[in-house]
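S.K.: Could you look at this predicted model? Sequence included:
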Amino acid sequence: MSFSWTPHRFAGGALALDVANSVILRFDPARSIDRFAEPKQMEAFPKAAEKFSAERALFSDLAPVEPENHAPFIALREAIDRYFRTRLTGDDAQTLLADFLEATAAVLRRARKNSLEAATAHSALRLLAEAEIVRMKICGSCGWLFIDRSRNRSRTWCDMAVCGNRVKASRHYHRRKKEAVS
């Protein structure tokens, strides 16, 4: 499947979340799509991240993941998603924290300094250490992880232009349909 890395794909607010969000519809195994399953898409991700990621000022000239580092990088992506998602749902994430830290260490031991995997590991550790973690949410539409940087912390969607629009259009459609039946 071919697609583009657009600004919407970087709605997480942190590189680590953007990487975790590279699995579309993660909560629906029948429709789930791993955007990194296609090597060309994984190779294109670093250049798009340099352009669209909220943390782009923290890194530059990201090198793609070397083929021999794909497995540890994907393991890190999954550990990031599991840990933060579990933490947000209120479940005990202590064991997952150990898995997350082990995956991060495994990547940092192998990765080149300016690589996507090193930048992702550093981004994940920043999320763990910063107070912004209390602003992290799960999109009510697509299930992506994102940081709510709105003033009153009322954001419910990862991206208003895509997920917010879908939800509002659906509500409008159902309201009109109900009015037509009445």
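M.R.: Happy to help now that I have it.

S.K.: Might you list the low-confidence residue ranges for this structure?
M.R.: 1-2, 162, 164-179, 182 (pLDDT under 70).

S.K.: Report the buried residues of stretch 104-121.
M.R.: By neighbour count with 16 or more other C-beta atoms under 10 Å, stretch 104-121 contains the buried residues Thr104, Ala106, Val107, Ala111, Ser115, Leu116, Glu117, Ala118, Ala119, Thr120, Ala121. (Each C-beta comes from the backbone N, C-alpha and C, glycine too.)

S.K.: element containing the third one?
M.R.: Spelled out, that is Val107. Assigned by DSSP states H and E, Val107 belongs to helix 94-110.

S.K.: can you pull the buried residues of the lengthiest helix in the chain?
M.R.: The residue-count maximum for a helix in the chain (DSSP state H) belongs to helix 70-88. Buried positions in helix 70-88, judged by neighbour count with 16+ other C-beta under 10 Å: 72-87.

S.K.: Among those, which one lies nearest to Arg26?
M.R.: Comparing these against Arg26 with C-beta to C-beta places Asp81 closest, at 7.1 Å.

S.K.: Look up how far Leu127 lies from Val19.
M.R.: With distances taken as C-beta to C-beta, to the nearest Å, Val19 is found 11 Å from Leu127.

S.K.: Compare the two (neighbour count), which wins?
M.R.: Val19 (29 against 23; other C-beta atoms under 10 Å).

S.K.: Next secondary structure after the helix or strand harbouring the more buried one?
M.R.: Assigned by DSSP H and E, Val19 falls within helix 15-20. Next in sequence after helix 15-20, counting helices and strands by DSSP H and E, comes strand 23-24.

S.K.: Give me the contact list for the very next helix or strand once past that next one.
M.R.: Downstream of strand 23-24, the first helix or strand assigned by DSSP H and E is strand 33-34. Strand 33-34 is contacted from outside by Met1, Ser22, Val23, Ile24, Leu25, using C-beta atoms under 8 Å, 6 or more residues apart in numbering.

S.K.: gap between strand 33-34 and the chain center?
M.R.: Chain-centre distance of strand 33-34: 13 Å, with C-alpha atoms, centre = their mean, to the nearest Å.
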